[in-house]
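Chemist: next input, structure requested:
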Amino acid sequence: MTAAFAFTWLGMVLAISFLEAPLKFRAPDVTLRIGLGIGRLVFAALNRIEVLLAVAIWVTLLIGPRSPASLAAAGAVVLVLLLQLAAVRPALTRRSDRVLAGEEGPRSRAHLVYVGLEVVKVVTLVALGASALAGA
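Modeler: Just a heads-up that it's a prediction; the model follows:
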């Protein structure tokens, strides 16, 4: 089950963060304000589901077979998610609040940090899923 949860989470991150998020701004008539509004809704939903998947992964690891590699990868992916939720998302929310209020300003570096953490999350979820499948 750990692998199933990890790969489900991986698919959601790939589909939303690396496909939906950049493509929505290329759609006709999607302004920055509209794109940000959609993004906030989508990422809030994704983050809630990520928390549920993280809990599900830890439950399966605690009650079932686990390896040091799986435990390390699960710990790493939860750490990345916590960094995103506690450190980066608040900065992104403040920035999008200002843009949605009509304010203009420099681009946020927090977005690049979030994307970098998403890349780390993808690699970690692949490692977690693979180690869970291998039983290593």
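
Chemist: check which residues of stretch 38-52 are buried.
Modeler: Ile38, Gly39, Arg40, Phe43, Leu46, Glu50 (16 or more other C-beta atoms under 10 Å). Where C-beta positions appear, they are placed from N, C-alpha and C, glycine not excepted.

Chemist: same question for stretch 88-95.
Modeler: So, applying 16+ other C-beta under 10 Å, buried residues of stretch 88-95: Val88, Arg89, Leu92, Arg95.

Chemist: quick one, what contacts the third one?
Modeler: Remark: with contacts taken as C-beta atoms under 8 Å, 6 or more residues apart in numbering, Leu92 is in contact with Ser108, Ala110, His111, Tyr114.

Chemist: can you tell me the SS state at the spatially closest residue to the first one that is not a sequence neighbour?
Modeler: Taking C-beta to C-beta, 6 or more residues apart in numbering, and ignoring the residues beside it in sequence, Ser108 has Arg95 as its nearest neighbour in space, at 4.4 Å. In terms of secondary structure, Arg95 is helix; the call rests on DSSP: H, G, I helix; E, B strand; the rest coil.

Chemist: what's the answer for Ala44, then?
Modeler: helix.

Chemist: picking that back up, among the contacts of Leu92, which ones are in strands?
Modeler: Among the contacts of Leu92, no member falls in strands (criterion: DSSP state E).

Chemist: so which of the residues you listed belong to helices?
Modeler: Of those, the ones assigned to helices by DSSP state H are Ala110, His111, Tyr114.
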